[in-house]
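I'll drop the sequence and a predicted model, then ask my questions.
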Amino acid sequence: MSPSSSRLFQAVILLSLALSLLTLTHQATAQRLPQAVIPEHYDLALTPDLKTATFTGQEKIDVVIKAPVSTITLNSAEIKFTSVTTVVNNASLTAKVALVPDKQQAIFDFGRPLQPGRLTLAIHYTGLLNNELRGFYLSRTPRRNYAVTQFESTDARRAFPSFDEPAFKATFSVTLNVDTGDTAISNTNIIRDEPLSGAAKHAITFAETPKMSTYLLVFLVGDFKCLSGSSDGVPIRACATPDQVQYGAFALSAAEFTLHYYNTYFGIKYPMPKLDMIGIPDFEAGAMENFGAITYRESDFLLDLSHASVGAQREVALVVAHEMAHQWFGDMVTMQWWDNTWLNEGFATWMENKPVEAWHPDWKLPEQVALGNQATLDLDAQHITRTIRAKAETPDEINEMFDGISYGKAGAMLLMVENYLGEETFRQGVHKYLAAHLYGNATAEDFWSAQAEVSHKPVDKIMDSLVSQPGEALLTFGSVAGSSVPVAQRRFFLNAANASGNSESWTLPVCFKGSTEKHCEVITEREQQQPIPAAPFLFANAEGKGYYRSNYSEENYRKLLSNVESQLTPEERISLLGDQWALTRAGNSTVASYLDLVHEVRADESPSVISSVASGLGSISIRIAADKEERSQLSTWIRTQFAPSLQAIGDPSQNDTPARRELRAELLSLVGGLGNDPDTIAQAKAITARSLADPASADPTLFVSALEIAARSGDETLFTQLKKASVEAPNPQQRESALRALSLFRDPAIEKQALDYAVSGEVRNQDSASFLARELRDIDTRDFAWQYIQDNWSKVAAQLTTFSGAYIVGATGSFCSADKLAEVDRFFAGHKVAASEHTLARAKDQINDCIALRAAQQPSLKSWLSKR
Ligand SMILES: [Zn+2]
């Protein structure tokens, strides 16, 4: 899966999703199925009724009984059984079905023991097309209903009784009986399409699938239309509701490039006879990697190239590349169990960047990756975090694995190890791992053993130390003496109060920047003397791909400051900025020292460097500044630093590179947002008005920033205009950006209207909670929004989906006072939100960290500002 909503906001959403499976106890009972009965093949015929929101199912499962059993247990949820039969020695047997709802299991008892051998279970049942965006569910447009599926992690059992665990791989033959005039899409090609006698329906039968896990099956029913293309002889389609299909062209071309790229990289051909990609009007995640038929949230898939920002284009290309990477990592080779969810998600997160970087080097993806890694490091440096591999037994625990650790940390680990081994060696290890487990299941050990065998380097030790221990290392470097430096490692925490008594120690590849090339070493001890290459200064994260924090001597830090623009790459600057801000939060450095670094990079030409700076400055303004007066002093300083760059870059031009467009937009955000510059705000309002009247009149990348600034100080007229656009704008990206902007208005009367709208039922369930979470994160809207959410909880709760309650709980972590901490604690103690216990613990941890940070750093900020 891809995380929901735009990747531009990935960090905050992942923050809210991230959990601790380590520090909290679990009373979950084991819910795994017995191992004595193994499915081999499913024959499924489903008949959805889009008007009554129900479906009927006829299913045959060929199973192998490995040892004598008295009953057969499989997974089932919200299914009504009509009959369950089998044939043993030519005798037809009917089962009594016992349901175990809290385990989502059904037990078939045929009234006699079953001996080892083969058996076919014949099951007739009915089910619900639900509104919960999981299982077999109903998606709606103003024109009609669609029946669609989302099975990961544990919801195939809502569509068909099944052995719904990733290691129970089987083949599937699917028939969908659909209304005349409708079509259906599934994992494989249609092999038969025949009218059903006596009904206004036809039966669409799909070719048998390869051996695969249940969570990767997909059924889509409606009047979808498709654009067609191909790559390496594989037909590829981009499909959507008929009015949206033209916006699939961009994703289609991204997929064509990516399929050939992956065929070459993996050395294993894409295995399915076709690849379909389908935009779904209601969809909880960003996208889902169903084998051969990837489903997407519309705004992560469909775009109008002439009106799309650079960020939106990159996002769609990355989501396409992420889901396509899963066709190998996840679909062909699947984790044995959900405790190793990172084998799917970390790999897809690391891999997605390769084809997109090859397709569009002008998007500067490595800088984006470095920026994303900083957010992950901050997440993992909280007191409450978890190991990459972690226990997950119940559906709630399994869903909680889809967080910033499985995606961000595992992806960052793979990038670091690849950087250490070299791209080609690592690629060979990947190939060896995949080839050994095709159409099967694998564990973490399988992967690192393959890499160790290919590279003859201690990859197993490195990866084990990263996968099995929580948190991250802080490397503290002493004074350089000749060609070596003393280095000590300990676990790093953003809040120094947590730092004592921890015993973690990593085997860590560290790449030092040399005068001409990087020099990588493996650090193994808590303290050691480390040889380093000759260089004018010490920099221990060459290329910015390391997953650790670095702390240098004051003398070396000053050398870095004077060389930061001339000697470090943008990725290295991003990692230095991230380290320095994290060290400030942890009390190892001061806000003044960080602001000295910001001053050095004020004229930087990388939009990601400016974005990193904006994030640090935003935190200082929100978390450290004592009051409005101090925030205002900081704004003044921000204007003096960055307004000249904004003026210098001037108006958009046809010849602008994507990076230049993004730099202009970042600077506009910074100067007009945190800088609170009246002229820039006026300029943003003018761009917004122009662009809303005629989208072709403004640069789409600049418009994204301008709209945010305009909305923050927007009036009733703009609100009404955007509310209309959030429903009626022609393409999904425009609708999404208008909806997003509605959550930013600061005028309390308008904010109330926005909140009323978010919980009215008019905003899709897929968007409602993230809307409220944005209101909670903004310092100027959060107090009002928090009161509103408490006062209107029943309406808020009515729109929550599998993951989205945790967004709201997580967003309360942006508060920064003991009063609010008590309020948050009290409110959620009385109003339980499903699958968010760990998110709540993390949010409270964040509030505590913020209180400590303000106490520690506010004097430093005050004194620094007074000298400006
Ligand atoms: Zn994924």
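That came through, no problem.

next to the ion, which bits of the protein? Give me the list.
1, 345, 348 (Cβ under 5 Å from the ion). In this view, the C-beta of every residue, glycine as well, is placed from N, C-alpha and C.

where in the chain is pLDDT low?
4-30 (pLDDT under 70).

which helix of it spans the most residues?
helix 837-866 (DSSP state H).

so what does it touch, helix or strand wise?
The contact analysis (3 or more Cβ pairs under 8 Å, 6 or more residues apart in numbering; DSSP states H and E) places helix 837-866 against helix 10-17, helix 570-586, helix 591-600, helix 628-649, helix 804-811, helix 818-830.

which one of those helices lies closest to Y215?
helix 10-17 (18.7 Å; Cβ to Cβ).

buried deepest among the helices and strands packed on helix 837-866, which one?
helix 804-811 (a mean of 28; mean count of other Cβ atoms under 10 Å).

quick one on the thing from earlier: which ones among the residues of the chain next to the ion are found in helices?
345, 348.

could I get the residues of the chain next to the ion in TSV, plus columns for neighbour count?
As requested, the residues of the chain next to the ion are arranged in TSV below (neighbours: other Cβ atoms under 10 Å):
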residue	neighbour count
M1	25
E345	27
A348	25
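
Throw the residues of the chain next to the ion into TSV and include distance to L114, thanks.
Shown next, in TSV, are the residues of the chain next to the ion (distance: Cβ to Cβ, whole Å):
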residue	distance to L114
M1	37
E345	38
A348	40
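
show me which of the residues of the chain next to the ion is closest to F492.
When the residues of the chain next to the ion are compared against F492 (criterion: Cβ to Cβ), the nearest one is E345, at 23.5 Å.

identify the residue nearest the closest one in space, chain neighbours excluded?
In this structure, E345 finds its nearest non-sequential neighbour in S406, 4.4 Å apart by Cβ to Cβ, 6 or more residues apart in numbering.

pretty sure the one you found contacts F347?
No - the criterion here is Cβ atoms under 8 Å, and S406 misses it with F347 at 10.2 Å.

now for the residue nearest to E345, how many residues are close by?
27 (other Cβ atoms under 10 Å).

tell me the contacts of it?
For S406, the contact set (Cβ atoms under 8 Å, 6 or more residues apart in numbering) comprises 341-342, 344-346, 388.

quick one: the strands in the stretch 451-600 of the chain?
473-477, 484-491, 508-513, 518-523, 527-531, 549-551 (DSSP state E, counting those that start in this stretch).

who does the longest one touch, helix- and strand-wise?
Going back to what we said before, that points to strand 484-491. strand 473-477, strand 527-531.

kindly report the same for the last one.
Secondary-structure packing of strand 549-551 (3+ Cβ pairs under 8 Å, 6+ apart): strand 473-477, helix 570-586.

please apply the same query to the third one.
Strand 508-513 sits against helix 410-421, helix 459-468, strand 473-477, strand 518-523, with contacts defined as 3+ Cβ pairs under 8 Å, 6+ apart.

repeat the analysis, applying 6 Å as the threshold.
strand 518-523 (3 or more Cβ pairs under 6 Å, 6 or more residues apart in numbering; DSSP states H and E).

name every strand pairing with the strand it packs on and say which way it goes.
Applying DSSP bridges, strand 518-523 is found paired with strand 508-513 (antiparallel).

in a helix, the residue nearest to E345, correct?
Yes - assessed by DSSP: H, G, I helix; E, B strand; the rest coil, S406 belongs to a helix.

from now on call the first residue 648
Got it, the first residue is 648 from now on, which makes the last one we talked about S1053.

what about the strands in the stretch 798-947 of the chain?
818-826, 830-832, 837-843, 848-853, 867-869, 872-878, 881-887, 922-927, 934-935, 940-944.

and what of the stretch 648-797 of the chain?
684-696, 701-712, 719-722, 726-735, 738-741, 743-747, 752-756, 764-775, 782-787, 792-797.

please export the C-alpha coordinates of the first one as CSV.
Same thing as strand 684-696. In CSV, the C-alpha atoms belonging to strand 684-696 read as follows (Å, rounded to 0.1, in the frame of the first residue of the first chain):
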residue,chain,number,x,y,z
VAL,A,684,-5.4,-27.7,6.2
ILE,A,685,-3.8,-25.9,3.3
PRO,A,686,-5.7,-24.2,0.4
GLU,A,687,-4.5,-24.8,-3.1
HIS,A,688,-7.2,-23.3,-5.4
TYR,A,689,-10.2,-21.1,-5.0
ASP,A,690,-13.1,-21.0,-7.5
LEU,A,691,-15.1,-17.8,-6.8
ALA,A,692,-18.4,-16.6,-8.4
LEU,A,693,-19.7,-13.3,-6.9
THR,A,694,-22.9,-11.5,-7.7
PRO,A,695,-22.9,-7.9,-6.3
ASP,A,696,-26.2,-5.9,-6.1
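
check which residues of that strand are buried.
684-686, 688-696 (16 or more other Cβ atoms under 10 Å).

what lies in contact with it?
702-712, 719, 794, 807, 810, 815, 817-824, 868 (Cβ atoms under 6 Å, 6 or more residues apart in numbering).

the closest residue to S730 other than its chain neighbours and the ion: what is the separation?
Using Cβ to Cβ, 6+ apart and skipping the chain neighbours, the partner closest in space to S730 is H771 (4.8 Å). Going from H771 to the ion by Cβ to the ion, to the nearest Å gives 35 Å.

what about A885, neighbour count?
29.

ditto for the one 10 residues further on
Burial of G895, expressed as a neighbour count using other Cβ under 10 Å, amounts to 27.

kindly report the same for the one 3 residues further on.
A898 is flanked by 26 other residues according to other Cβ under 10 Å.

swap in R759?
R759 sits with 10 neighbouring residues when counted by other Cβ under 10 Å.

separation between it and N736?
According to Cβ to Cβ, to the nearest Å, R759 and N736 sit 10 Å apart.

same check, this time on L1068
As for L1068, its distance to N736 is 57 Å (criterion: Cβ to Cβ).

out of those two, which sits in the busier spot?
L1068 (23 against 6).
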